[in-house]
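A.B. asks: when you get a sec, could you give me coordinates for this:
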Amino acid sequence: MMKKLFAVLLVVFTTATYAQNHAVNLKKAAQLLEAGKNVVLLNNALSIVPLTDIKSASIASVHFNYNQHAVFDSIANKYHVVAGFDADTVQYMKGFIELHDMLKFYNTVLIELSASTRFTPLLQSFIADLENGRTVVLVMAGNGKNLAQFDKVKSPVIWYKNDTNDGASVAAQLVFGGVAASNRLDNNYSGIFTKGAGFVTQKTRLGYSVPESVFVNSDLLENVDSILNAGIATHAAPAAVVLMAKDGQVIFSKAYGKHTYNGNDITKPDDIFDMASVTKVTATVPSVMRLYEKKLIALDDPISKYVAVTRNIPDKRDQQIKEALLHEAGYTPYIKFYEQLKPTDLSADSSAVYPTKVADHYYLRANYFNEVMWPVTLRSKVDTRGKFVYSDISMYMMKEVVEEVTHQKLNDYVLNEFYLPLGMQATGFLPRNRFNRSRIVPTTENDNWFRNMLVQGYVNDPGSAMAGGVEGHAGLFANANDMAIFYQMLLNQGSYGGQKYFDAATVNLFTSRQSKTSQRGLGYDRLNEKQLSETYPSQQAFGHSGYTGTYVWVDPKYNMVYICLTNRVYPDDGKTYGKSKVNIRAEVLDVFYKAVLKSAGQSFLK
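C.D. replies: Sure, this is the predicted structure:
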């Protein structure tokens, strides 16, 4: 009887969370290292592996008696959305025809096989059929004698001897460039696959392993759990996800708590958070970097060159783009736009008159930004020019510059220029238009500004919410893995996944100190001299925090990326429970730095 084929549309996103135990993880690191030594890449003359242009890829993973498919698909889904199909070679021709048609929406097919796969002529015909018009990558575990079945295959073949979870993990990472290929066949297996055959590739994306794989002792990270547990217990935040990448490897990725203090939704590593001001450096500033690099704008250009309405405003006609990025343009720090609201501006029902959704069952009237918020912004005072005064208004201005030059909305521009090409699956503005509400961590139960209701999947910042959820200073939502990808790209000086997003000189310019009055780079925050003398980061470190409890940090000296996402303002920004004394973001980063420094110079693996 034919086994019914089915698509697994939701695959477990996370790698197994390894124990924070040096002995356990040392063994795991050794196993992964051994697995890496046994994986061979064949038939890759066209350099299909690692997959490079994944923005336009639609990827299916088809399992033929492949026992490690859960691990393989879990890892693959960290790089791109991959739909899993469970198949069986003990089928009639009709079964392969049905499977072929089920794959019609996928231009890239990963086929996983093992020693227990039935290598029938029908299977070979099916693979040959898929190779016409699709990118196909074969992954095979087990006895090398089965390689002879693929002598006529044109597609890349990834083979490893030991059919283990570690082998599946390494193979999946190899497909996307999370690990490099360098091994050769140790024997003659067919007329095509002979001893010494094998292709060499470079590591181009993040890999996934354990701390010991980059010579960090897991025992030194045991305090992370206690910090998070104490933070949750004292209401620093109900939910948190912490991620650490070192030397291009994600070595710690763990979720804590629940979405709300009294709820049942357990936090997961791929949950989506309101990034708040991290929007500035993950959306607006990178857009400015791209336009600067293309010579479409200059840092010394006055903002009024692009935002025409400011040309007739004496205190806003001369500010330069560079001044806005440094927060030295003199703009007021923050405008309480919600204080301008009238009862007639809001409605519980959507209509042409009230189209802007600011929360569930809550809508703002049309053109409110243009008719109220923008005029208020243009009338705001400018009285601190030349001094560092952190200002959201600077990023309102930068958004206008980006949209004027690109002729695109900011959210569309960054999605297509950065997030999708990088493989960032959950990052973008207006997440409720793309994702199920259950994936998005609530930010507040009562924002105490104008909504006074649960805010879940709508930006917490009132100004951004009233502007339609897309602004230069806030509105971006993301998960930890996506943030690790983006900031690894910056740590790589603009390159990731075999593609270049920025020149190294551009990354260095924007992330290095560019101010005489503060420590800041162009948009990116850095540590001041006092902080540098008291703590571990180097003078090259940069990043940014977000009001909702988010934090991204990159330190080139230690080749590390740190991501901490929390919803610290839940339920009402400290009014119910008060302010916790546990600073989750800073204390966990301190643990990571100490672990890296204490482990320096040690070599656990032979």
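A.B. asks: can you pull the contacts of Thr201?
C.D. replies: Leu41, Asn44, Ser47, Val49, Pro50, Leu174, Gly177, Ala180, Ala181 (CB atoms under 8 Å, 6 or more residues apart in numbering). (C-beta placed from N, C-alpha, C; glycine too.)
A.B. asks: for the first one, helix, strand, or coil?
C.D. replies: Recorded secondary structure, Leu41: strand (DSSP: H, G, I helix; E, B strand; the rest coil).
A.B. asks: name the nearest residue to it, sequence neighbours excluded.
C.D. replies: Using CB to CB, 6 or more residues apart in numbering and skipping the chain neighbours, the partner closest in space to Leu41 is Ala181 (3.9 Å).
A.B. asks: please report how far that neighbour lies from Ile192.
C.D. replies: Noted for Ala181: a distance of 18 Å to Ile192, by CB to CB, to the nearest Å.
A.B. asks: what about the two, which has more around it?
C.D. replies: Ala181 (24 against 15; other CB atoms under 10 Å).
A.B. asks: tell me the SS of the more buried one?
C.D. replies: coil.
A.B. asks: could you do the one 5 residues further on as well?
C.D. replies: Look at Asp186: counting by three-state DSSP, its state is coil.
A.B. asks: count of neighbours near it?
C.D. replies: 13.
A.B. asks: who's in contact with it?
C.D. replies: Counting by CB under 8 Å, 6+ apart, the residues that Asp186 touches are Lys195.
A.B. asks: could you do Leu532 as well?
C.D. replies: The neighbours of Leu532, taking CB under 8 Å, 6+ apart as the test, are Ser538, Gln539.
A.B. asks: the one 5 residues further on too?
C.D. replies: Counting by CB under 8 Å, 6+ apart, Pro537 makes contact with Leu527, Gln531, Trp553, Asp555, Lys557, Tyr593.
A.B. asks: also Trp449?
C.D. replies: Applying CB under 8 Å, 6+ apart, the residues contacting Trp449 are Tyr338, Pro462.
A.B. asks: got the phi and psi for the closest residue to Asn411 other than its chain neighbours?
C.D. replies: Distances taken as CB to CB, 6+ apart put Phe429 closest to Asn411, at 3.9 Å, once the chain neighbours are dropped. Backbone torsions for Phe429, taken as degrees, to the nearest 10, come to phi -90, psi 160.
A.B. asks: pretty sure Phe429 is touching Ala474, no?
C.D. replies: No. When contacts are counted by CB atoms under 8 Å, Phe429 is not listed as touching Ala474 (9.7 Å).
A.B. asks: of those two, which one has the most company?
C.D. replies: Neighbours were counted for Phe429 and for Ala474 using other CB under 10 Å; Ala474 has more, 30 against 25.
A.B. asks: flag the shaky bits of the protein, pLDDT-wise.
C.D. replies: 1-19, 89-94, 601-606 (pLDDT under 70).
A.B. asks: coming back round to it: in strands, which of the contacts of Pro537 fall?
C.D. replies: Under the assignment DSSP state E, the contacts of Pro537 contribute Trp553, Asp555 to strands.
A.B. asks: separate out the buried members of the contacts of Pro537.
C.D. replies: Leu527, Trp553, Asp555, Tyr593 (16 or more other CB atoms under 10 Å).
A.B. asks: so which of these comes closest to Ala352?
C.D. replies: For the buried ones among the contacts of Pro537, the minimum distance to Ala352 (CB to CB) is 44.6 Å, reached by Trp553.
A.B. asks: which residue packs closest to the closest one, ignoring adjacent ones?
C.D. replies: Excluding the flanking residues, the one nearest Trp553 by CB to CB, 6+ apart is Gly543, at 3.7 Å.
A.B. asks: show me where the stretch 401-550 of the chain has its strands.
C.D. replies: Using DSSP state E, counting those that start in this stretch, the strands of the stretch 401-550 of the chain run over 428-429, 476-478, 495-496, 499-500, 542-546, 550-555.
A.B. asks: can you list those in CSV and add distance to Gln488?
C.D. replies: As requested, the strands of the stretch 401-550 of the chain are arranged in CSV below (distance: least, CB to CB, whole Å):
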stretch, distance to Gln488
strand 428-429, 19
strand 476-478, 14
strand 495-496, 6
strand 499-500, 13
strand 542-546, 13
strand 550-555, 8
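A.B. asks: among those strands, which is the most enclosed?
C.D. replies: strand 476-478 (a mean of 30; mean count of other CB atoms under 10 Å).
A.B. asks: just give me the residue right at the centre of this structure.
C.D. replies: Nearest to the mean C-alpha position of the chain, counting by CA atoms, centre = their mean, stands Asp482 at 0.6 Å.
A.B. asks: please name the nearest non-neighbouring residue to that one.
C.D. replies: That would be Met424: by CB to CB, 6+ apart, it lies 3.9 Å from Asp482.
A.B. asks: residues contacting the residue nearest to Leu41?
C.D. replies: Val39, Val40, Leu41, Asn44, Val49, Leu174, Gly198, Phe199, Val200, Thr201.
A.B. asks: rerun at 10 Å
C.D. replies: Ala181 makes contact with 36, 39-42, 44, 49-50, 156, 158, 170, 174, 198-203, according to CB atoms under 10 Å, 6 or more residues apart in numbering.
A.B. asks: and it, how close does it get to Glu98?
C.D. replies: Taken as CB to CB, the span from Ala181 to Glu98 is 34 Å.
A.B. asks: hmm, back to that, hang on, the residue nearest to the centre of the chain packs against Leu422?
C.D. replies: Yes. In this structure Asp482 lies within contact range of Leu422 using CB atoms under 10 Å: 8.1 Å.
A.B. asks: neighbours of Phe252, how many?
C.D. replies: Phe252 - counted by other CB under 10 Å - has 25 other residues nearby.
A.B. asks: one more: Ile54?
C.D. replies: Ile54 is flanked by 23 other residues according to other CB under 10 Å.
A.B. asks: in a strand, it, correct?
C.D. replies: No. Going by three-state DSSP, the assignment for Ile54 is coil, not a strand.
A.B. asks: thought it was touching Thr204?
C.D. replies: No. Assessed by CB under 10 Å, Ile54 is found out of contact with Thr204, at 11.1 Å.
A.B. asks: now list whatever residues contact both of those two.
C.D. replies: Phe176, Gly177, Gly497, Gly498, Gln499.
A.B. asks: tabulate the residues you listed in CSV, adding columns for distance to Phe64.
C.D. replies: Formatted as CSV, the shared contacts of Ile54 and Thr204 follow (distance: CB to CB, whole Å):
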residue, distance to Phe64
Phe176, 21
Gly177, 24
Gly497, 28
Gly498, 29
Gln499, 32
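A.B. asks: now, which of those residues sits nearest Ala230?
C.D. replies: Phe176 (36.7 Å).
A.B. asks: can you tell me how far that closest one is from Asn44?
C.D. replies: On the measure of CB to CB, Phe176 and Asn44 end up 14 Å apart.
A.B. asks: now do the same end-to-end measure for stretch 325-344.
C.D. replies: 36 Å (CA to CA, to the nearest Å).
A.B. asks: in helices, which of the shared contacts of Ile54 and Thr204 appear?
C.D. replies: Phe176 (DSSP state H).
A.B. asks: give me the PyMOL select line for the shared contacts of Ile54 and Thr204, limited to the buried ones.
C.D. replies: The buried residues among the shared contacts of Ile54 and Thr204 can be selected in PyMOL (16+ other CB under 10 Å) with this line:
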select buried, resi 176+177+497+498
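A.B. asks: with respect to Met398, which of the shared contacts of Ile54 and Thr204 is nearest?
C.D. replies: The closest of the shared contacts of Ile54 and Thr204, once distances to Met398 are taken by CB to CB, is Gln499, at 24.7 Å.
A.B. asks: beta-bridge partners for that closest one, please?
C.D. replies: Beta-bridge partners recorded for Gln499 (DSSP bridges): Tyr496.
A.B. asks: right, and it touches Leu420 too?
C.D. replies: No. Gln499 is not in contact with Leu420 according to CB under 10 Å; the separation is 11.8 Å.
A.B. asks: what do these two both touch?
C.D. replies: Common neighbours of Gln499 and Leu420 (CB under 10 Å, 6+ apart) are Ile54, Lys55.
A.B. asks: having no further points to raise, I will conclude here.
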